[in-house]
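Engineer: Model the following, please.
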Amino acid sequence: MGSARERRLQIFESDYGRLAGWYVEYEESRIAVLTDPRPADMFWDSYKIEPLVEDPGEAVDLLDSPLHWDRCDFVFRNRAFDRTAPGFAAAGRPQIQNGRVLMRGLYLDIGRPSSWERLLLWLRGRQGGALHDRSFSP
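Structural biologist: Numbering: from 1, shown residues only. Coordinates of the predicted model:
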C-alpha cells in the first residue's frame, strides 16, 4: 500500500486529525497545544488547551486576547500529520474556561473515503481494535 494511501487512512482513523491534537501557532511560534477533543455541540468540539510559552503573562496576552481570535491570527497545525487546518472558528470570543476552549472546523480536509478506503478502514478496525485505541501522538 502506498504511503499516500496509508497517510489518508491514518487521517481518517484519527477523525480527520482531531484525535491527534493541534499546535496553536502565532507568528510561526508554537504557543499552545490543543488535546483531548470532546464533542460539545453540533459541529463544535471542546479541546484542552495547554500553553507552551513559559511566561504566563505572554500566554494570557496571546490566548485570552479577543483581538487575536477575531482576526484569526492563529494557525492550527496537526500534531501527527504536520498539516494545517483549512479554516476554523472559535466560539465567539472564546474564553478559556476550566482549561478548555470551544472550536469548530479543526480538521484536515481530505474529502471522504473511497469505497476501497472504507473497506480497508473496516478491516483495520477489526484487526486493530477500535479507532480510539490507536495512538496518534506526534
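Engineer: Going by residue numbers, what spans are helices in this protein?
Structural biologist: In the chain, the segments counted as helices under DSSP state H are 3-13, 56-63, 66-70, 115-128.
Engineer: Nearest to Val33, out of the ones you listed?
Structural biologist: Val33 sits nearest to helix 56-63 of all the helices of the chain, at 11.4 Å, using Cβ to Cβ. Every C-beta, even on glycine, is put in place using the N, C-alpha and C of the backbone.
Engineer: helices and strands around that closest one, which ones?
Structural biologist: Judged by 3 or more Cβ pairs under 8 Å, 6 or more residues apart in numbering; DSSP states H and E, helix 56-63 is in contact with strand 29-41, strand 44-51.
Engineer: cutoff 10 Å now
Structural biologist: Secondary-structure packing of helix 56-63 (3 or more Cβ pairs under 10 Å, 6 or more residues apart in numbering; DSSP states H and E): strand 22-26, strand 29-41, strand 44-51, helix 66-70.
Engineer: and the ones you listed, which is most packed in?
Structural biologist: Most buried of the helices and strands packed on helix 56-63, by mean neighbour count (mean count of other Cβ atoms under 10 Å): strand 22-26, with a mean of 20.
Engineer: And that strand, how far out from the chain middle?
Structural biologist: In terms of Cα atoms, centre = their mean, to the nearest Å, the centre of strand 22-26 is set 10 Å apart from its chain centre.
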